[in-house]
Structure formats: C-alpha cells, structure tokens
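Asks: need the 3D shape of this:
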Amino acid sequence: MKIIIAADHGGFILKEKLKEYIQKVLGHECQDYGCYKQESCDYPDYAFLVAEAVANGICDYGIMIDGAGVGSAITANKVPGVRAVVANEIYTARNSREHNNANLLTLGSHVIGEGLSKEIVRIWLGTEFAGGRHARRVMKIVEFEKRLFSKQRERY
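Replies: Just a heads-up that it's a prediction; the model follows:
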C-alpha cells in the first residue's frame, strides 16, 4: 500500500515517527510531502498536497498531521474525491474506514501522543470498507459532491 504523509510545523515530529512506523513496522510505502523542518508553516498548503494526491490516485491513502487535525480535515475535504476524517481516537478511525470509506486521515499532534497515533494509524490502514448499506451512503456523498461541483462550473 502507498501512503502519502505530511504535516505542518506542529505535526512535524509526530510525522517523522509515524513515517518510520508505517514503513518499518506496518510494511507500507510511505512518501513524505513535507514539511521538512519545524519552522512555522501553513497546514492548508500541506493538507491540499496530500488531498490532491489522494484524489488523483497517486497513493492509496493520505495522512496529514497538524495541531488538532481539524484544519487539515477541513482543507482536504474541499478536494473532490476526498473523504478526510479527524480521528484522534480508535473508534472514529475504525468507523471512518468501515462505514465511510475515508481515504485521508488527519491527526492532532497536540491532542494525542505517539503511542495512540500509531495505534490509530494501524487500525485505520488495516480496516476494510464494509460496503453494503454503507456503500449506498458513500455513493450519496459522491453524488452530492458531483452535483455541487457541476453547479459551480456552470457559474463560471
């Protein structure tokens, strides 16, 4: 599985630890989209890069880390084809994959520590989409997204 990971300055240290964990322990390919140092930077820039890669099929899943995870999820969910979730605990991580077929995980480095974040990533990457009634619901989300973006295009 190919995972793209990124962070802002607040998530930099956790990103470095998770990148190694994803590669060495979980055995997945993990590509780093930045940031590459702890100097102040803007989470939307990196969240958009990860979301764009997910939407374009460059990777299987994306992971973005900022202080709370919320800003990155908001940014990523602006990109058509992305279903980003903030999962700072295990239940949401599992549910977001199983029921919502989430394809981008955001984490808050100021909310959770290294141990819990590793467990969340392991569970999130290891949980399959359940399909069935959940597939119908995800398709509704996809259809809403298509309608919204086609209306936007008509305005321009």
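Asks: and stretch 76-90, what's buried?
Replies: Residues of stretch 76-90 classed as buried by neighbour count (16 or more other Cβ atoms under 10 Å): 76, 77, 79, 82, 83, 84, 85, 86, 87, 88. (Each C-beta comes from the backbone N, C-alpha and C, glycine too.)
Asks: ok, those vs residue 25, which is closest?
Replies: residue 87 (18.7 Å; Cβ to Cβ).
Asks: mind listing what the nearest residue to that closest one once chain neighbours are set aside touches?
Replies: Spatially, and ignoring its direct neighbours in sequence, residue 87 is nearest to residue 93 (3.9 Å; Cβ to Cβ, 6 or more residues apart in numbering). By Cβ atoms under 8 Å, 6 or more residues apart in numbering, the residues touching residue 93 are 85, 87, 105, 120, 121, 123, 124, 127.
Asks: for the buried residues of stretch 76-90, which one is nearest residue 14?
Replies: Taking Cβ to Cβ as the measure, residue 14 lies nearest residue 88 of the buried residues of stretch 76-90, at 11.7 Å.
Asks: contacts only, for that closest one.
Replies: 69, 107, 108, 111, 112, 116, 120.
Asks: try 7 Å this time
Replies: 69, 107, 108, 111, 112 (Cβ atoms under 7 Å, 6 or more residues apart in numbering).
Asks: about what we covered before: weed out the non-buried ones from the contacts of residue 93.
Replies: Counted by 16+ other Cβ under 10 Å, the contacts of residue 93 give 85, 87, 105, 120, 121, 124, 127 as buried.
Asks: farthest pair within these?
Replies: 85 and 121 (12.5 Å).
Asks: do a quick rundown of the helices in this protein.
Replies: 12-20, 43-55, 70-76, 90-98, 114-126, 133-155 (DSSP state H).
Asks: which other helices and strands contact the third one?
Replies: Translated: helix 70-76. With contacts taken as 3 or more Cβ pairs under 7 Å, 6 or more residues apart in numbering; DSSP states H and E, helix 70-76 sits against helix 43-55, strand 61-66, strand 84-86, strand 104-108.
Asks: can you check which of the ones you listed gets nearest to residue 22?
Replies: strand 61-66 (7.9 Å).
Asks: what angle sits between the least confident helix or strand in the chain by mean pLDDT and helix 90-98?
Replies: Least confident helix or strand of the chain, by mean pLDDT, DSSP states H and E, is helix 133-155 with a mean of 85. On the basis of axes from the mean of the first three to the mean of the last three Cα atoms, to 10 degrees, helix 133-155 is oriented at 70 degrees to helix 90-98.
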